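Student: here is my input; please provide its structure:
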Amino acid sequence: MTSKSVTRQEVPPRQGLYDPANEHEACGVGFVVDIAGSKSHRIVRDGIRVLENLGHRGASGSEENTGDGAGILVQLPDAFLRNVTANIGIELPPAGQYAVGMVFLPRQPAEAAACQRLFEIGASELGHKVIGWRDVPTNPTGLGKTALQSRPAMAQVFVDRPAALADDAAFERRLVLIRRTAERLVQASDLDGRRLFYVASLSCRTLVYKGMLNADQLDTFFPDLSELSLESALALVHSRFSTNTFPSWSRAHPYRVIAHNGEINTLRGNVNWMSAREHDLASPLFGADIERLHPVVDQQGSDSAMFDNVLETLVIGGRSLPHAVMMMIPEPWHKHKTMSPEKRAFYEYHSCLMEPWDGPAAICFTDGVQIGAVLDRNGLRPLRYTLTSDGLVVMASETGVLDIPAETIVQRGRIQPGRMFLVDTSEKRIVSDEEIKARVAAEKPYLEWVEAQRVHMKDLPPAPATPLADHETLELRQNVFGYTAEVLRLLQPMVETGGEAIGSMGTDTPLAILSSRPQSLFNYFKQLFAQVTNPPVDAIREELIMAAGTTMGPEHNLFDPQPVSAHQIDLRSPVIYNDEMDKLRALDGWHGFRARTLATVFRVGEGEQGLAGALDALCAQASAAVADGCQILILSDR
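Tutor: Modelled structure (predicted):
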């Protein structure tokens with residue numbers, strides 16, 4: 001299999017000032033669950049009612065009947081599926097011995113059939129048989145012109161479970177591989193309708209119904225949802241407000257694991273790092289088939305879809321769902337003085353494996369057995385819950401989304417920033433935030449690993465000081481390199497305190513690339529991270545949630561947590577002083593760390609060719625240094 005990126009053109013391609021990677025959204029999200037895990041059609045109806053009451057959080061364009069997206073995720077309804085497949089001559093294996101997928105297909109019958117054949121080939125490559133296909137009945141009456149024009153055909157596919165797959169986790173893992181294999185086969189084909197092929201869900205536990213709909217159109221469009229035999233113990237719903245994005249059928253929520261309200265501000269960095277580390281992934285759970293996971297992130301998806309890609313990958317790689325969520329949306333732990341040492345060590349260790357997916361976010365998640373929610377460290381998106389005396393939990397972006405008699409309400413509340421709420425239907429109880437995190441933090445001796453492996457900057461051996469530059473020509477060199485009086489004022493706090501300059505909110509500084517004047521190299525780069533808040537976050541009064549620390553050193557296999565993963569140099573600030581840089585530059589085997597300094601200069605007289613050649617040479621030198629065992633590369637313009 002190749003690692004060719006999946007391409008779908010449901011939204012316009014990158015052009016002019018538009019880039020689909022910059023799309024964000026703000027939505028309504030919620031779930032209903034029976035704590036005891038008792039399946040009923042009532043849960044499905046309650047979920048749809050919650051969705052309809054969140055309709056004001058969704059949106060539509062100039063066509064009021066073309067929605068940004070709405071959907072529902074339910075547990076696999078075995079009785080319902082058994083009834084409807086018997087009518088078309090499909091005999092399903094016993095419950096738990098098959099999976100069902102919700103697949104979007106081209107509306108042209110020949111192209112849809114071709115996509116189905118490619119899906120079956122993908123399944124057979126992994127030793128599975130497709131039992132059959134069912135055309136999902138839909139009612140497009142009342143849909144807007146845009147929704148109708150882009151509407152895919154809907155089909156459910158049934159996949160068998162070989163006897164060798166002893167548990168659900170192994171089956172789910174294989175189903176992800178089947179889905180990704182099928183996606184690549186279809187996208188590599190020459191089918192005109194391949195852009196419409198999309199697997200909304202493929203699981204032995206869950207089933208997703210969603211589309212480019214308004215909240216009140218969902219159960220009308222999908223008659224299945226009105227069938228009394230379609231039962232579930234949980235229902236996860238979402239009403240989409242795509243803000244500055246193009247809506248599409250595939251970008252409606254829920255995704256395979258999550259439904260999300262908010263945006264990931266750090267997305268580009270998260271995706272780049274995940275792409276860089278995916279080739280180090282290895283696990284006996286996959287063997288050689290692990291190549292089928294690449295690329296882990298479908299970069300044609302929204303920020304929520306990419307989050308879902310990574311969360312799903314962490315879970316099928318062997319971590320529990322709460323564990324994976326804690327990795328991706330950690331609590332603010334750096335300055336949390338009352339946090340237990342074990343939980344702090346958990347977060348510190350995992351910060352060496354993965355950067356947080358930061359931003360204002362309220363995320364509901366489920367694997368079909370557990371369902372829960374988590375809030376970002378700032379608490380910038382609301383989530384409120386209600387617990388009733390008959391064991392019903394209602395969670396949503398706001399309260400009052402379901403009519404519940406007051407006398408049956410046992411508890412109301414809201415999720416606190418950085419906290420998690422979890423219902424485990426197998427254990428038939430709500431698991432507290434403290435219990436979840438204490439249990440996950442105790443799975444490995446993270447505190448021992450961090451204390452033994454982590455290296456702090458102050459612990460590095462002393463090194464000869466680099467001679468300072470000639471002060472007599474300082475102003476001349478500052479002018480040559482584009483430093484202005486304003487820039488020097490911004491640099492002063494960094495020099496004096498290691499902190500960042502504080503200025504007014506917003507800037508009208510023109511882009512350096514548009515200037516006709518010489519600019520400092522650093523003016524061409526912008527900080528991507530931005531918490532979208534009003535009023536803005538106060539870095540002094542909200543210091544608990546603010547952290548600028550990072551680590552330096554090699555990363556290891558994300559699927560195999562070992563002590564060596566914590567063997568990194570801890571930097572409490574991104575600002576490195578001259579004496580600290582000298583220590584780093586001098587590393588040559590100390591505690592296994594080696595550094596190499598690479599020149600980033602070229603002769604100006606050689607023009608563009610000189611720059612291009614210097615960049616090629618720099619890349620070659622960097623590769624050679626890494627091959628020679630260097631873990632730290634220092635790029636220098638001295």
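Student: quick one: mean pLDDT for stretch 43-53?
Tutor: Here stretch 43-53 scores 96 as its mean pLDDT.
Student: hmm, I typed the wrong one, I wanted stretch 163-182.
Tutor: Mean predicted confidence for stretch 163-182 is 95.
Student: how about the strands of the stretch 101-250 of the chain, start to end?
Tutor: 130-135, 153-160, 198-203, 206-211, 234-239 (DSSP state E, counting those that start in this stretch).
Student: ignore what I typed, I meant the stretch 401-550 of the chain.
Tutor: Under DSSP E, counting those that start in this stretch, the stretch 401-550 of the chain gives strands at 409-414, 420-424, 429-431, 455-456, 550-552.
Student: can you lay out those strands as TSV showing distance to residue 289?
Tutor: All C-beta spots, glycine's among them, are computed from the backbone N, C-alpha and C. Output for the strands of the stretch 401-550 of the chain, formatted as TSV (distance: least, C-beta to C-beta, whole Å):
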stretch	distance to residue 289
strand 409-414	43
strand 420-424	30
strand 429-431	33
strand 455-456	36
strand 550-552	31
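Student: closest one to residue 277 among the ones you listed?
Tutor: Across the strands of the stretch 401-550 of the chain, residue 277 has its closest neighbour in strand 550-552 (14.0 Å, C-beta to C-beta).
Student: on that earlier part again, would you list the strands of the stretch 401-550 of the chain in CSV and tack on mean neighbour count?
Tutor: Shown next, in CSV, are the strands of the stretch 401-550 of the chain (neighbours: other C-beta atoms under 10 Å):
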stretch, mean neighbour count
strand 409-414, 12
strand 420-424, 23
strand 429-431, 16
strand 455-456, 14
strand 550-552, 16
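Student: so what's the nearest residue to residue 202 once chain neighbours are set aside up against?
Tutor: In space, and not counting its chain neighbours, residue 202 is closest to residue 101: 3.6 Å by C-beta to C-beta, 6 or more residues apart in numbering. Contact partners of residue 101, counting by C-beta atoms under 8 Å, 6 or more residues apart in numbering, are 156, 157, 159, 175, 179, 199, 200, 201, 202, 203.
Student: which of these sit farthest apart?
Tutor: That would be 159 and 200, which, of the contacts of residue 101, are the farthest apart (C-beta to C-beta) at 14.7 Å.
Student: show the backbone phi and psi for residue 261.
Tutor: Main-chain dihedrals, residue 261, degrees, to the nearest 10: phi -120, psi 120.
Student: thought it was touching residue 380?
Tutor: No - look at residue 261 against residue 380 with C-beta atoms under 8 Å: they stay out of range, at 10.2 Å.
Student: can I assume residue 95 is in contact with residue 78?
Tutor: Yes - here residue 95 reaches residue 78: they are 4.4 Å apart, a contact under C-beta under 8 Å.
Student: looking at these two, which one has more neighbours?
Tutor: Between residue 95 and residue 78, residue 78 has the larger neighbour count (other C-beta atoms under 10 Å), namely 17 against 12.
Student: returning to what we had before: could I get the strands of the stretch 101-250 of the chain as TSV with distance to residue 42?
Tutor: What follows is the strands of the stretch 101-250 of the chain, written out as TSV (distance: least, C-beta to C-beta, whole Å):
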stretch	distance to residue 42
strand 130-135	25
strand 153-160	23
strand 198-203	22
strand 206-211	17
strand 234-239	10
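Student: of these, which is nearest residue 265?
Tutor: That would be strand 234-239 among the strands of the stretch 101-250 of the chain, by C-beta to C-beta, at 20.3 Å.
Student: packing partners for that closest one?
Tutor: For strand 234-239, the helices and strands in contact under the criterion 3 or more C-beta pairs under 8 Å, 6 or more residues apart in numbering; DSSP states H and E are strand 28-34, helix 41-53, strand 70-75, strand 258-262, strand 361-366.
Student: for the longest one, which helices and strands make contact with it?
Tutor: Spelled out, that is helix 41-53. So helix 41-53, by 3+ C-beta pairs under 8 Å, 6+ apart, packs with strand 28-34, strand 70-75, helix 218-221, strand 234-239, strand 392-396.
Student: ditto for the last one
Tutor: Packing contacts for strand 361-366, counted by 3+ C-beta pairs under 8 Å, 6+ apart, involve strand 28-34, strand 234-239, strand 258-262, helix 321-328, strand 370-375.
Student: quick one: the closest residue to residue 141 other than its chain neighbours and residue 247, what's the gap?
Tutor: Excluding the flanking residues, the one nearest residue 141 by C-beta to C-beta, 6+ apart is residue 220, at 7.4 Å. Look at residue 220 and residue 247: by C-beta to C-beta, to the nearest Å, they are 18 Å apart.
Student: of these two, who's got more company?
Tutor: Neighbour tally, residue 220 and residue 247, criterion other C-beta under 10 Å: the higher count belongs to residue 247, 25 against 17.
Student: contacting residues around that one?
Tutor: 61, 66, 67, 68, 69, 212, 240.
Student: hang on, the earlier thing: is it true that the residue nearest to residue 141 touches residue 143?
Tutor: No - Residue 220 lies out of contact with residue 143 (C-beta under 8 Å); the separation is 9.4 Å.
Student: any common contacting residues for those two?
Tutor: What both residue 220 and residue 143 touch, as defined by C-beta under 8 Å, 6+ apart, is an empty set.
Student: can you read off the pLDDT for the residue of the chain most remote from its centre?
Tutor: Seen from the C-alpha centroid of the chain, the residue lying at the greatest distance (C-alpha atoms, centre = their mean) is residue 472, 51.2 Å away. Looking at residue 472, its pLDDT reads 84.
Student: for residue 611, same thing?
Tutor: 93.
Student: may I have the secondary structure class of it?
Tutor: With DSSP: H, G, I helix; E, B strand; the rest coil as the basis, the three-state label of residue 611 is helix.
Student: residues near it, how many?
Tutor: For residue 611, using other C-beta under 10 Å, the count is 13.
Student: pLDDT score for the nearest residue to it once chain neighbours are set aside?
Tutor: In this structure, residue 611 finds its nearest non-sequential neighbour in residue 602, 5.7 Å apart by C-beta to C-beta, 6+ apart. pLDDT, residue 602: 92.
Student: where does the stretch 401-550 of the chain dip in pLDDT?
Tutor: 503-508, 527-540 (pLDDT under 70).
Student: break down it into its helices, ranges please.
Tutor: 433-441, 446-453, 474-480, 485-497 (DSSP state H, counting those that start in this stretch).
Student: would you turn those helices into JSON lines with distance to residue 558 and mean neighbour count?
Tutor: Formatted as JSON lines, the helices of the stretch 401-550 of the chain follow (distance: least, C-beta to C-beta, whole Å; neighbours: other C-beta atoms under 10 Å):
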{"stretch": "helix 433-441", "distance to residue 558": "16", "mean neighbour count": "17"}
{"stretch": "helix 446-453", "distance to residue 558": "15", "mean neighbour count": "18"}
{"stretch": "helix 474-480", "distance to residue 558": "43", "mean neighbour count": "11"}
{"stretch": "helix 485-497", "distance to residue 558": "33", "mean neighbour count": "11"}
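Student: which one of these lies nearest to residue 622?
Tutor: Here helix 446-453 is closest among these (C-beta to C-beta), at 25.2 Å.
Student: now do the closest one: which elements does it pack against?
Tutor: Checking 3+ C-beta pairs under 8 Å, 6+ apart, helix 446-453 ends up next to helix 341-350.
Student: just the buried positions in the helix it packs on, please.
Tutor: Across helix 341-350, burial judged by 16 or more other C-beta atoms under 10 Å covers 343, 344, 345, 346, 347, 348, 349, 350.
Student: check stretch 587-595 too.
Tutor: Buried residues in stretch 587-595 (16+ other C-beta under 10 Å): 587, 593, 595.
Student: understood, closing this out.
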